[in-house]
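Chemist: here is my input; please provide its structure:
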Amino acid sequence: MVRERTDIIIDWLSFTCRTSSPNEVIDLLGLVDLPWITGRGRNGYRDSLHCLDITICFAGQPGMGVWCELSGQGCRAFETLSTLGWDYLLGRILAPDVHVTRLDVSGDDRQGILPLEKIVSDGRHGNYVAKAKSCQIYQGHHNGTPIGTTVYFGSSGSKVRIRIYDKAAEQHHSLSEHWVRCEIQLRDERASTFLAIASDS
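Modeler: A predicted model of the protein is given here:
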């Protein structure tokens, strides 16, 4: 079935609240009633709370605040269970006491807007204009048969990285199905700028 529009979703989000406690971050997420499990922290934090692929790390050095990460599955759990929702959360994390460290936004094309073979060809020949200095192309094979292509613009350490890949192949759908996903990974000020622009639209 061909969709009439392209769905845009948030597929990863991490941020640091400089002045909040772990419970205040849970309140901010609107996930107070979930069964949070205490565990070991990471990234310089001693302790953590974890539930449904959402992690809140705390008890770091003075000034580190509380760090929260929602993976792709954590974002889907948030959409389903939060009493507040994305509009509230994204508006709140634009506050001066919050620093967005990573934001992944993705869109699925099922209409043929993104011709992956042409993107691969243009990437190989440098037929594109971008600030990204690198383009990497990965093509998977199984017994000599192609099983999916992924194109990256930008390096893994860039503040902006674009990933375009064959989602149909990843999900083992029919080879004739056009399902291409484009993901934009944004870090630090690029993530905050994207959110600020999106909130004004």
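
Chemist: which elements pack onto the helix ranked longest in the chain?
Modeler: Counting residues, the longest helix found in the chain (DSSP state H) is helix 189-200. Secondary-structure packing of helix 189-200 (3 or more CB pairs under 8 Å, 6 or more residues apart in numbering; DSSP states H and E): helix 86-92, strand 98-109. From N, CA and C alone the C-beta is placed, and that goes for glycine too.

Chemist: any idea of the mean pLDDT in it?
Modeler: Taken as a whole, helix 189-200 has an average pLDDT of 88.

Chemist: run the chain-centre distance for it.
Modeler: 14 Å (CA atoms, centre = their mean, to the nearest Å).

Chemist: please identify the most buried of the helices and strands packed on helix 189-200.
Modeler: Neighbour counts (mean count of other CB atoms under 10 Å) averaged over each of the helices and strands packed on helix 189-200 peak at strand 98-109, with a mean of 19.

Chemist: past that one, which element shows up next along the chain?
Modeler: helix 116-125 (DSSP states H and E).

Chemist: so which other helices or strands are in contact with that following helix?
Modeler: Counting contacts by 3+ CB pairs under 8 Å, 6+ apart, helix 116-125 is packed against strand 135-142, strand 145-153, strand 160-166.

Chemist: cutoff 10 Å now
Modeler: strand 135-142, strand 145-153, strand 160-166, strand 180-187 (3 or more CB pairs under 10 Å, 6 or more residues apart in numbering; DSSP states H and E).
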